[in-house]
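> A predicted structure for the sequence below; I have some questions about it.
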Amino acid sequence: MLVAPDKQHTIKAFIRRGEKYYVAECLEIAVVTQGKTLDETIENLREAVALHLEGEDPAEFGLVSNPTLLVTLELEPVVHEP
């Protein structure tokens, strides 16, 4: 099966630490979720993306039929003490 080159194989998401929770936000689709731990946040992200795409044609979002999640985690600043 050939895939059109204009369709993305991944949904990119960004996770950052909020005041009390980790927050995950997708870049290509309108999905935002949170969790107390990274594991909980990732599980909530997978569920939220699945629910968002449920009953939809992924091609309408520019995606292949079974896209994967590519997650970037923002870490605390690296402080260098002299």
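It's in.
> moving C-terminal of whichever strand or helix holds Thr10, what's the next helix or strand?
Element membership for Thr10 (DSSP states H and E) is strand 8-17. Using DSSP H and E, the next helix or strand after strand 8-17 towards the C-terminus is strand 22-26.
> Contacts only, for the spatially most central residue of the chain.
For the chain, the residue nearest the mean C-alpha position is Ala13 (2.8 Å; C-alpha atoms, centre = their mean). Listed by C-beta atoms under 8 Å, 6 or more residues apart in numbering, the contact set of Ala13 reads 24-27, 31, 45, 49, 69-72. The C-beta positions use only the backbone N, C-alpha and C, and glycine is treated the same way.
> Then Leu70?
Neighbouring residues of Leu70 by C-beta under 8 Å, 6+ apart: 10-13.
> number of nearby residues for Asn44?
Other residues near Asn44 number 18, with proximity taken as other C-beta atoms under 10 Å.
> mind checking the SS state of the nearest residue to it once chain neighbours are set aside?
Leaving out its chain neighbours, the residue that sits closest to Asn44 by C-beta to C-beta, 6 or more residues apart in numbering is Thr33, at 4.3 Å. Of the three states, Thr33 takes strand under DSSP: H, G, I helix; E, B strand; the rest coil.
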